[in-house]
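[1] Provide a 3D model corresponding to the input given below.
(2 chains)
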Amino acid sequence: MAPVTQLPAARQLDMMKALKEAAFAAVVTFGLCIPIIAWGTRQNLDNVLVLDPRWDAVAWAVAIIFVGRFLMALRQQKRGEGKSVVRLLPHGTIGFFQRHSRLFSLAGLGFLVTFPIIAITLAGWGGALKWIDNFGVQILIYVMLGWGLNIVVGLAGLLDLGYVAFYAVGAYSYALLAKNFGLSFWILLPMSGILAAFWGMLLGFPVLRLRGDYLAIVTLAFGEIIRLILINWVEFSNGYAGISGIPRPTFFGIPFTAADDGFAAVFGLEFSPLYRTIFLYYVILGLALLTAFVTLRLRRLPVGRAWEALREDEIACRSLGINTTNTKLTAFSLGAMFGGFAGSFFAARQGFISPESFVFMESAIILAIVVLGGMGSLWGVAIAASVMIGGTELLRELDWLKQIFGPDFDPTKYRMLIFGFAMVVIMIWKPRGLISTREPTAFLKEKKAISADMVQEGHG
Amino acid sequence: MEVFLQQLINGLTLGSIYGLIAIGYTMVFGIIGMVNFAHGDVFMLSAFIALIFFMLIASWFGAGLIVLALIFVLVLAMFFTSLWNWTIERVAYRPLRGSFRLAPLISAIGMSIFLTNFVQVVQGPRNKSIPPMLNKSITLIDSATYTVQISYKQIVIILTTAILLAAFWFIVQKTSLGRAQRACEQDRKMAGLLGIDVDRTISITFVMGAALAAVAGVMYLVLYGVVNFADGFTPGVKAFTAAVLGGIGSLPGAVIGGLLIGLIEVFWSAYFTIDYKDVAAFCILAVVLVFMPSGILGRPEVEKV
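    Okay, here's the model as predicted:
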């Protein structure tokens, strides 16, 4: 009987410990809340700053942290006792997916191709626009940017914090050339890609001998320089005001308008703005798939092998006679090229661009998608983009929360707050990214999954 | 000449603020080799904390004793900002210690996004301004064409920075705490084996960095009198630029880098065009890194195979 009586005692002790930890966390939270939450600053009618005490919010924050920390401490103790921990996925799920990756890729592809039809069937002609545009096109842009940056960061191991610069180059190339010279989308799309690649080479050439964090900070600086020039060189880019009235892409010369020579009239359909959105959806889908295809094929070429070798060990590469500068430069400019494609698509889709769209935060989000997905993994990047971008877009749909928290509760206000928090949580939960095992490019007899812990990355 | 002197004073003031922030970057990089991206936002947060305490003190005791109020606000802001940075390190960075290199960086970027938006949510997106203080100034040179002035604000900023840096220098160089920090910087594993509590030392490094960022935040508020939730990014990047320019990992380097960036920015605005002052700062960073990758006072990186 003795063990049975001992068991509650041990539990009691654990409770005390957990309570103590929770109390400590609550005290710290109280300290954190004191100035910044307890008093809100507000301009009154005379435009003078006044303070509003908000102790109720502090109480809520402290209570939430107390309960949360308490539950977490209990869960950690259970883990210590060797009891099963809640797993989101049963063991071996990832391995199962990877063994059948071809099958799942085909299924995913099928879903993406039929997505507009599914959206129209489920949401009707009126509701589908939002789903295809805000979710489909938006997520695919980030998937494409993620895959493009993946070449630089995931394959070649060069930490690039200024990727958005090439996105901006692509967007402004399309906008300015289309407006001033009237060239069509299909000519300008490759052209802006080439221009972005050219810029990638130009910027990459002096800085690629830097390593690691230095490279990161210089790329960040270049990203900011390009944005600041776009803001300040008003004659060229119209500054803060941005460029509006950018020509929209046409269906091989047929515009998507309600006019007689418009898409709907030519094909004998009733006019709907949805056609353009669906067309744009397929364009970005095609571009994203092109990026993925090129990445997959390049990994089998000597240059792709050289990238991965470079990522693993630069010194070994140099001693084997690989020209590291050229190898890095190709990765950098290829990544930039896909950024340029995505940029020109972005400009064509929005019809309006301004430097506001190309802030550092965009670079950070794209890099976060690549790292959260598990660097080098195309699937991981796609999943991370869907979760992070789709998830934050979903927050726009949470109007029903107003019924719980009152009418002035605005869930969109918390979008980026949750985004940032999610980045931290995912990194702590899976520091190697969501898909942390990868397939070897070169192998003897059979492929084996390699744990990401074996892979070096980002040493630049 | 008069213009030059005036801009020199302005540049030193701005440079002091950058230098204070840069120390936080350089210390954290030195000890755990990570770019603490959230540091600029910690600086912004400290300016908000200072703003709230300024207003509290003004509403409780009136706005009479401005110097006393300033000292109080400085101490309180240093304390609460340190608490924030301590918590951030504990929650977002410590679990990732020993993980691969990009994980803490992404975590820090996430924290930076979180802090910016947190302040936006709890304090609102508008510019917050306080009534100007310490407005008087001393005229140094009064020639017919140009008057060189140094305002009380600028004196306070430069003096506070100098005093705190001296105190800080003393801590790092002369106390056992500072010795532990330098030991961790050289070899964390060995320091741990020799009985130094590495986690605690790293926490203290974050606390010290935050305290200096808080000083910068208070000074920023005193200088400009206005703060916005998005104000952390640009000074943060420039301070990081300063840290790299001075040689990352080196404390005097961070200060020199900060002063240089401040001077470059101010002189560029005065003699060329104000629009491209940030471009100038970043260009100089790129040029310095390409030709002198270890910065002004940094030790050249030795590649170990």
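[2] going by C-alpha atoms from here, please, whenever you check contacts or count neighbours.
    OK.
[3] who's in contact with residue 37?
    By default, I'm working from chain A. A:54-55, A:57-58, B:122-123 (C-alpha atoms under 8 Å, 6 or more residues apart in numbering or on different chains).
[4] wrong chain, I was asking about chain B
    Per C-alpha under 8 Å, 6+ apart, neighbours of residue B:37: B:105, B:108-109, B:112, B:236.
[5] show the pLDDT at it.
    pLDDT, residue B:37: 86.
[6] wait, a helix at it?
    No: assigned with DSSP: H, G, I helix; E, B strand; the rest coil, residue B:37 falls outside any helix and is coil.
[7] mind checking how far it is from residue A:364?
    11 Å (C-alpha to C-alpha, to the nearest Å).
[8] would you map the helices across the stretch 101-250 of chain B?
    Assignment of helices within the stretch 101-250 of chain B using DSSP state H, counting those that start in this stretch yields the ranges B:102-123, B:152-174, B:176-186, B:188-193, B:198-224, B:233-246.
[9] average pLDDT for the fifth one?
    Throughout helix B:198-224, pLDDT has a mean value of 91.
[10] distance of residue A:133 from residue A:124?
    14 Å.
[11] more crowded one of these two?
    Each of residue A:133 and residue A:124 has its neighbours counted (other C-alpha atoms under 10 Å in any protein chain shown); residue A:133 has more, 19 against 12.
[12] which residues touch the residue lying closest to that one once chain neighbours are set aside?
    Spatial nearest neighbour of residue A:133, chain neighbours left out: residue A:277 (6.4 Å); criterion: C-alpha to C-alpha, 6 or more residues apart in numbering or on different chains. For residue A:277, the contacting residues are A:129, A:132-133, by C-alpha under 8 Å, 6+ apart.
[13] what about the helices of the stretch 101-250 of chain B, which gets the closest to chain A?
    helix B:102-123 (4.2 Å; C-alpha to the nearest C-alpha).
[14] quick one: the helix or strand encompassing residue B:266 to helix B:152-174, angle?
    Using DSSP states H and E, residue B:266 sits in helix B:251-271. Here helix B:251-271 points in a direction 160 degrees away from that of helix B:152-174 (axes from the mean of the first three to the mean of the last three C-alpha atoms, to 10 degrees).
[15] which helices and strands does helix B:251-271 pack with?
    Here helix B:251-271 touches helix B:2-32, helix B:233-246, helix B:277-291, going by 3 or more C-alpha pairs under 8 Å, 6 or more residues apart in numbering or on different chains; DSSP states H and E.
[16] ranking those by burial, who's on top?
    Greatest average neighbour count among the helices and strands packed on helix B:251-271 goes to helix B:233-246 (a mean of 27), per mean count of other C-alpha atoms under 10 Å in any protein chain shown.
[17] in chain B, which helix or strand is least confident?
    Among the helices and strands of chain B, strand B:137-142 carries the lowest confidence by mean pLDDT, DSSP states H and E, at a mean of 76.
[18] show me what that one is packed up against.
    Using 3+ C-alpha pairs under 8 Å, 6+ apart, strand B:137-142 sits against strand B:147-151.
[19] what angle do the strand it packs on and helix B:152-174 make?
    Between strand B:147-151 and helix B:152-174, the angle comes out at 60 degrees (the same axes, to 10 degrees).
[20] now residue A:397: how far from residue A:360?
    Distance of residue A:397 to residue A:360, given as C-alpha to C-alpha: 26 Å.
[21] pick out whichever of those two has more residues nearby.
    residue A:360 (20 against 11).
[22] contacting residues around the more buried one?
    A:161-162, A:164, A:220, A:223-224.
[23] and which of those is nearest chain B?
    residue A:224 (7.7 Å).
[24] in a helix, that closest one, correct?
    Yes: the assignment for residue A:224 by three-state DSSP puts it in a helix.
[25] which ones are touching it?
    Applying C-alpha under 8 Å, 6+ apart to residue A:224 gives the contacts A:162, A:165, A:359-360, B:279, B:282.
[26] where along the stretch 251-400 of chain A do the helices fall?
    Secondary structure of the stretch 251-400 of chain A by DSSP H, counting those that start in this stretch: the helices cover A:263-266, A:274-298, A:302-312, A:314-319, A:324-350, A:360-373, A:378-385, A:391-394.
[27] spatially central, which residue of chain A would that be?
    residue A:369 (3.6 Å; C-alpha atoms, centre = their mean).
[28] before we move on, the earlier item: what's the PyMOL syntax to select whichever of the contacts of residue A:37 are buried?
    The following PyMOL line selects those of these that are buried, judged by 16 or more other C-alpha atoms under 10 Å in any protein chain shown:
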select buried, (chain A and resi 58) or (chain B and resi 123)
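[29] that older thread, which neighbours do residue B:37 and residue A:364 share?
    Common neighbours of residue B:37 and residue A:364 (C-alpha under 8 Å, 6+ apart) are residue B:109.
[30] so which bits of the stretch 201-305 of chain B are right by chain A?
    Counting by C-alpha under 8 Å from any C-alpha of the partner chain, the stretch 201-305 of chain B comes close to chain A at B:241, B:275-276, B:278-279, B:282-283, B:285-286, B:289-290, B:293.
[31] okay, those residues in JSON lines with pLDDT next?
    As requested, those are exported to JSON lines (pLDDT from 0 to 100):
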{"residue": "B:241", "pLDDT": "85"}
{"residue": "B:275", "pLDDT": "77"}
{"residue": "B:276", "pLDDT": "82"}
{"residue": "B:278", "pLDDT": "83"}
{"residue": "B:279", "pLDDT": "86"}
{"residue": "B:282", "pLDDT": "84"}
{"residue": "B:283", "pLDDT": "85"}
{"residue": "B:285", "pLDDT": "79"}
{"residue": "B:286", "pLDDT": "81"}
{"residue": "B:289", "pLDDT": "78"}
{"residue": "B:290", "pLDDT": "78"}
{"residue": "B:293", "pLDDT": "74"}
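[32] how about those, which pair is most distant?
    Pairwise distances across those (C-alpha to C-alpha) peak at 27.5 Å, for the pair B:275 and B:293.
[33] coming back round to it: closest one of the contacts of residue A:37 to residue A:153?
    residue B:122 (35.3 Å).
[34] pretty sure the closest one contacts residue A:40?
    Yes: look at residue B:122 against residue A:40 with C-alpha atoms under 8 Å: they come within range, at 6.8 Å.
[35] and the gap between residue B:95 and residue B:204?
    Distance from residue B:95 to residue B:204, by C-alpha to C-alpha: 17 Å.
[36] who's more crowded, the two?
    residue B:204 (18 against 15).
[37] could you find the closest non-adjacent residue to that one?
    residue B:86 (7.9 Å).
[38] cool, residue A:426 as well?
    Nearest to residue A:426 is residue A:372, by C-alpha to C-alpha, 6+ apart, at 7.1 Å.
[39] how many residues are close by the one you found?
    28.
[40] same check, this time on the one 10 residues further on
    The burial metric for residue A:382, expressed as a neighbour count using other C-alpha under 10 Å, is 20.
[41] apart from its chain neighbours, what residue comes closest to it?
    Residue A:382's closest residue in space is residue A:143 (C-alpha to C-alpha, 6+ apart), at 5.4 Å.
[42] tell me the domain ranges of chain A?
    Chain A breaks down by automatic domain parsing into domains covering A:13-73, A:111-454.
[43] with mean pLDDT added, can I get those domains in a markdown table?
    What follows is the domains of chain A, written out as a markdown table (pLDDT from 0 to 100):
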| stretch | mean pLDDT |
| --- | --- |
| domain A:13-73 | 82 |
| domain A:111-454 | 84 |
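[44] how many neighbouring residues does whichever residue of the stretch 251-400 of chain A sits closest to chain B have?
    With C-alpha to the nearest C-alpha as the measure, residue A:368 is the residue of the stretch 251-400 of chain A nearest to chain B, at 6.2 Å. Using other C-alpha under 10 Å, residue A:368 has 29 neighbouring residues.
[45] since we're on the nearest residue to it once chain neighbours are set aside, how many residues are nearby?
    Excluding its sequence neighbours, the residue lying closest to residue A:368 (C-alpha to C-alpha, 6+ apart) is residue B:106, at 6.2 Å. Residue B:106: 28 surrounding residues under other C-alpha under 10 Å.
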